[in-house]
Each structure stands twice: as C-alpha cells, then as structure tokens.
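Student: Give me the fold of what follows.
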Amino acid sequence: MKKHAFTMIELVFVIVVIGIITSVMLPRFDRDNVYEAAQQVISHIKYTQHLAMIDNKYDDADPNWFLERWQIQFYNCGGYVIFSDTNQLGGPDRSESAVEPLSRKRLFTTNTCTESPQDFDKIVLSNNYDITSVTFGAGCGGNQYIMFDHLGRPYSARTVNGVLTNNCDITLTSGSGSGAVIRVVPETGYAYLLNYF
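Tutor: Modelled structure (predicted):
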C-alpha cells in the first residue's frame, strides 16, 4: 500500500512537470502584428546604420557624395526600402538596395508596395502586419526617411550638414487602431520602442 502511494505521488509530480514544460514550449497563437512590425523596423533601422558605418561614402572628388549615404525610406503605402543611392538620381532601385542577411533577399519595394519574389517577404508592412499608416514626427525634418553617416549619426535631410537634431518618432498604426512609436535619437542614431498603444 505504501509503495502505491509513493508511486502515485511520483506520477502526479511527473504530470505537473510535463504540464509546465508543455505550457512553456507551446507556440503563441495570439500574434501581435504591431509589436512584430515595430521590432522588424527597429532591426532594419539598426541594420541601415550598420551598413553606413562599414561603408564610408565620402569622396572629395565628388561634390554630391553625401547622396550615397545608406538610408531607410518609407512609403505612404506601408512599405520601405534600405538603399544607398549610388547613381545619385534621388530614388532607389533594386540594385542599390541592401540584402537581408538571413534570407539573402533584397530589402526593397517600390512606392506602390508591390511585392516581388526576389525581395524580402515582409518589407511591405501593410500586407504582412496590417499596418495602415507610417508617420514621421516633426523631429524627423518633415521627411519619410533617415540617413546615416560613417559614424552612425542619423540625418534628416539629403545634405552634407543635415544631421538629425531632435528625436525622430516614427508611428506605426494598424487597421484596428493599435500602434507603436519608434524613436531614433539624434547624434547616436539609437532606435528603440518608445510607446505601444
């Protein structure tokens, strides 16, 4: 009788441990699109800064060298592109765009947010995360992009001295009205999730 009681206690203990492990290991089924989109954008802002720091564009023979700085540019349709304007024509093309390190696909879309199989499949936030609006605050210089120099400093204008002087807040808003605010800090270019609503 004592042997059965001890075995029952062991069995209950094993069942409790299995329950705890199962609850921790199960994937989450309640996906938070706004949070995922914000984390992706923060990651890609940091990646843009990294590219700028390892690829100094200064060229004293070219008066417009600053146009080639690495930048992340957002479109009203909810997509974005990371590129270096090497041909200095003012807009990105696929060959100038960055390559996403894991998928080896281009971080590129057009201002119509059309998706292409050779491009990163989550670059259009409106299609993949239900983000209906991407707005830049007043501190961003009135532009929908951020550039970085070889020191990692953020720029709010495509000029030699267009360094960001105020916090640049980027607000992502979903179709349900929830959203997130990403802040890019002047001088360091540090990007983080400021607010989540």
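Student: quick one, helices of the chain?
Tutor: 2-25, 33-54, 125-129 (DSSP state H).
Student: buried ones in stretch 157-169?
Tutor: For stretch 157-169, the neighbour count (16 or more other C-beta atoms under 10 Å) marks 157-158, 162-164, 168-169 as buried. All C-beta atoms are positioned from the backbone trio N, CA, C, and that covers glycine.
Student: One more: stretch 14-34?
Tutor: 33-34.
Student: So what would you say the end-to-end distance of that stretch is?
Tutor: Terminal residues of stretch 14-34 lie 38 Å apart, using C-alpha to C-alpha, to the nearest Å.
Student: Show me the buried residues of stretch 157-169 that map onto strands.
Tutor: Mapping those onto strands (DSSP state E) picks out 168-169.
Student: do you know how far the residue nearest the centre of the chain is from Ile15?
Tutor: Centroid-nearest residue in the chain: Val41, 1.4 Å away (criterion: C-alpha atoms, centre = their mean). As for Val41, its distance to Ile15 is 43 Å (criterion: C-beta to C-beta, to the nearest Å).
Student: Looking at stretch 17-37 now, give me its mean pLDDT.
Tutor: The pLDDT scores in stretch 17-37 average 78.
Student: what's in contact with that stretch?
Tutor: Outside stretch 17-37, the residues within contact range by C-beta atoms under 8 Å, 6 or more residues apart in numbering are 125, 128-131, 172, 174, 178-180, 196.
Student: Max pairwise distance over these: which two?
Tutor: Farthest pair in these (C-beta to C-beta) is Asn128 and Tyr196. Separation: 18.6 Å.
Student: between these two, who's got more neighbours?
Tutor: For Asn128 versus Tyr196, neighbours defined as other C-beta atoms under 10 Å are more numerous around Asn128 (17 against 13).
Student: was I right about that one contacting Phe120?
Tutor: No. Assessed by C-beta atoms under 8 Å, Asn128 is found out of contact with Phe120, at 10.0 Å.
Student: low-confidence ranges in this structure?
Tutor: By pLDDT under 70, the weakly predicted segments of the chain are 1-6, 25-30.
Student: what do you get if the cut-off is 80, keeping everything else the same?
Tutor: Flagging of the chain using pLDDT under 80 yields the residue ranges 1-14, 19-31.
Student: Of the helices of the chain, which is nearest Phe148?
Tutor: Proximity to Phe148 (C-beta to C-beta) singles out helix 33-54 among these, at 3.6 Å.
Student: Which parts of that closest one count as buried, going by neighbours?
Tutor: For helix 33-54, the neighbour count (16+ other C-beta under 10 Å) marks 33-34, 36-38, 40-42, 44-49, 51-53 as buried.
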